[in-house]
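[1] Make a model of this:
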Amino acid sequence: MALMAVMSAVGLAVDDRVLVGAPIWFKPFKFSVSFVAYCLSLAWMLSLLPSGRRVGWWAGTVVALASLVEMVIIIGQVVRGKRSHFNHETPFDEALFNAMAVTVVILWLGTLAVAVLLLRARIADRASAWAMRSGIVLALAGAGVGFLMTQPAPGQRRGVSKVVGAHSVGVPDGGPSMPLTGWSTTGGDLRIPHFVGMHALQLLPLLVMVLVALAPRFARLADDRIRLRLVLLASATYAAVFALVLWQALRGQSLIHPDGATLGVAGVSLVVVTLGAYGSLRASPPSPREAHDAEDALASKDLVA
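    Predicted coordinates:
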């Protein structure tokens, strides 16, 4: 995937062809970079499993091979100057898109197997464990948004239309879009919740790493219970953001032009998160075992005295 990202970057520099309103090599570049992050995250999570490593190895291998097949098809279609997604122009194009659909299902099932292993695993650090579990469940939800994109858009008919499916909702694909991401600025775009969900796999574990790195400077973060609370709060917040952008996209609303309902839900969510963060950072009372250990330590000091 890293090699494909480099190759796609070269393609962006030397090939000026445009397809569906975007540079033709932009899609393979985005996909290959995304797969680099996705597969590295899964590999790291699999390395932490205390058991079930053989099943995890097979699941990871399935994900890697499915990703490779999908990228080969995407790049092959770019070389031909054709759309890779939703393309039913010829029997060959349709067969390639159907093959991609199969690889996506296989990739999703492979990731599901890893998720089951992580949900069952006993990982000592609870904050890390729940960051990984929440991250992979949200990634599965984000990947599942891709299945919504394959449904016929208004005016499309299976077996008749050359294109069946779309990223955008309420507007045609290829219209005005944001720089870098290519997301629609005039209508809904299902790539947004797809992106948000998929990258929970990296962002939630990254949060744990940041909390651990800050623990020496902030005493409260040294408490594993507080870190766990913050991770659970972040996971719930991330899920809420995912649901919000999915709802927004399905209503045909651009991310940068939210209506009153979207802003209202976002505002309520922000208040809840702020209160949750305040509550999570409050000092935790000692557990009964910790209180007992502290009493024993004091008694020992008194005896020594």
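[2] can you pull the contacts of the spatially most central residue of the chain?
    Among the residues of the chain, the one closest to the centroid is residue 198, at 1.5 Å (Cα atoms, centre = their mean). Neighbouring residues of residue 198 by Cβ atoms under 8 Å, 6 or more residues apart in numbering: 34, 38, 139, 142-143. In short, each C-beta sits where N, CA and C put it, glycine included.
[3] now do 10 Å
    Residue 198 sits next to 34, 37-38, 41, 111, 135, 138-143, 145-146, 242 when contact means Cβ atoms under 10 Å, 6 or more residues apart in numbering.
[4] Checking the residue nearest to residue 122 when sequence neighbours are not counted next. Helix, strand or coil?
    Spatial nearest neighbour of residue 122, chain neighbours left out: residue 50 (6.1 Å); criterion: Cβ to Cβ, 6 or more residues apart in numbering. What DSSP: H, G, I helix; E, B strand; the rest coil gives for residue 50 is coil.
[5] any idea how far residue 50 lies from residue 123?
    7 Å (Cβ to Cβ, to the nearest Å).
[6] Can you pick out the residue with more neighbours from these two?
    A direct count of neighbours by other Cβ atoms under 10 Å for residue 50 and residue 123 places residue 123 higher, at 17 against 9.
[7] So the more buried one belongs to a strand, correct?
    No. The assignment for residue 123, made by three-state DSSP, is coil rather than a strand.
[8] Quick check: it touching residue 47?
    No. Contact criterion Cβ atoms under 10 Å: residue 123 and residue 47 do not qualify, at 11.6 Å.
[9] Confirm that residue 173 sits in a helix.
    No. Going by three-state DSSP, the assignment for residue 173 is coil, not a helix.
[10] which non-adjacent residue is nearest residue 30?
    Ranked by Cβ to Cβ, 6+ apart and with sequence neighbours excluded, the top spatial neighbour of residue 30 is residue 182, at 7.9 Å.
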